[in-house]
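Asker: please work out how this folds:
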Amino acid sequence: MYAGRGLPLVSAMLTIWNQITTKFYGRSVYGSYVIEGAMLTVKTPRGKKATQLGNSNSHFVAEWLFA
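Answerer: Below you'll find the predicted structure:
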């Protein structure tokens with residue numbers, strides 16, 4: 001798709017990450033999560049994990065992925 005004069009039309013999506021803090025073996029663990037479509041992605045200092053959300057509570061699933 002082009003926006004006149006042969007220039008490509010650029011579209012950007014804004015992704016909002018939610019911060020989360022949970023206890024893991026007695027220590028506080030900090031990270032963030034985002035929901036994109038039906039997928040929930042968690043970002044921690046150790047990397048990223050993702051799963052399909054389904055009908056579950058997003059905050060609960062994000063805490064579960066931290067483990």
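Asker: give me the buried positions along the biggest strand by length in the chain.
Answerer: Counting by DSSP state E, the longest strand found in the chain is strand 27-36. Neighbour-count burial for strand 27-36, counted by 16 or more other C-beta atoms under 10 Å, picks out Val29, Gly31, Tyr33, Val34, Ile35. All C-beta spots, glycine's among them, are computed from the backbone N, C-alpha and C.
Asker: would you list those in JSON lines and tack on distance to Ile20?
Answerer: Shown next, in JSON lines, are the buried residues of strand 27-36 (distance: C-beta to C-beta, whole Å):
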{"residue": "Val29", "distance to Ile20": "9"}
{"residue": "Gly31", "distance to Ile20": "6"}
{"residue": "Tyr33", "distance to Ile20": "6"}
{"residue": "Val34", "distance to Ile20": "11"}
{"residue": "Ile35", "distance to Ile20": "12"}
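Asker: for those, which one is nearest Pro45?
Answerer: Gly31 (7.4 Å; C-beta to C-beta).
Asker: what residue lies at the spatial centre of the protein?
Answerer: Val34 (2.3 Å; C-alpha atoms, centre = their mean).
Asker: excluding its backbone neighbours, what's nearest Thr21?
Answerer: Distances taken as C-beta to C-beta, 6 or more residues apart in numbering place Tyr30 nearest to Thr21, at 5.4 Å, with adjacent residues excluded.
Asker: wait, doesn't Thr22 sit right on Val42?
Answerer: No - Thr22 is beyond contact range of Val42, at 10.6 Å (criterion: C-beta atoms under 8 Å).
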